[in-house]
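Novice: Pasting the sequence and the predicted model now:
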Amino acid sequence: MENHQDKETIDSLVEEFTTYGKLAAEHHIRRCSTLARAKAKGKNGFVEFCERVNCKPDSSTTRKYLKIGLEADWLLPIAQHLPPEWTTIYDVAVLGRENAKELIEQGVLNPQAPAKVLKKLDSAKASDPVDTNDGAVEDSSTGTGILVVDASGLSDQDLLDLHCALAKSANWYGLSVAGLPDRLKDAVAIDREAA
């Protein structure tokens, strides 16, 4: 009697491994797309949806799920190149379609790509200004650069999202982000506790 393992080849195992990774990535993207579709039903519908699936509408995890769901149209076709972890898929969604495409072509974005590599790339892109003098102020007392971002036209939620993204990038370089209005500082503290 022949053993099943004897029939397996390295090629068949590689194919199976790749298939499961793609299915895992697709699963996370499709699951997150339900949040985006629920959000489109309006605030009351979204709150009801969140209650029924046991997630907090304003948590950082829910916002990350929403980001993945909102980008599902371009993430699904590249699922075979994505790591199976939803947190890494979120990092790819933040990088954006064009950057993801470029990283796939370079071989950087693949199912085994560690999240720390993508976060490093995200931080580098976020801190790579198009015009290095635009928005920079020289602090004459220390000789260091202070970047100024005018976010006055953003909603509170967008301002929180921007603050979190900037803080994440700044943390990579050992820097800090300041200037968040007092009314939003509690929301940032709550998000840190929830994460």
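Specialist: Yep, it's here.

Novice: Leu184 belongs to a helix?
Specialist: Yes - assigned with DSSP: H, G, I helix; E, B strand; the rest coil, Leu184 falls within a helix.

Novice: The chain should start at 3 in everything you say after this.
Specialist: With 3 as the first residue, the last one maps to Leu186.

Novice: Could you report the separation of it from Leu156?
Specialist: 11 Å (C-beta to C-beta, to the nearest Å). Bear in mind the C-beta positions are built from the backbone N, C-alpha and C, glycine included.

Novice: One more: His30?
Specialist: 28 Å.

Novice: next one: Gly47
Specialist: Following C-beta to C-beta, the distance that separates Gly47 from Leu156 is 24 Å.

Novice: Please apply the same query to Asn101.
Specialist: 22 Å.

Novice: So in this structure, which helix runs the longest?
Specialist: Secondary structure of the chain per DSSP state H: the longest helix is helix 12-41.

Novice: ok, and for that one, which residues are buried?
Specialist: By neighbour count with 16 or more other C-beta atoms under 10 Å, helix 12-41 contains the buried residues 23-24, 26-28, 30-31, 34-35, 37-38, 40-41.

Novice: Need the worst-confidence member of those residues.
Specialist: Lowest model confidence among these falls on Gly23, which carries 85.

Novice: wait, doesn't that residue sit right on Pro113?
Specialist: Yes - here Gly23 reaches Pro113: they are 4.3 Å apart, a contact under C-beta atoms under 8 Å.
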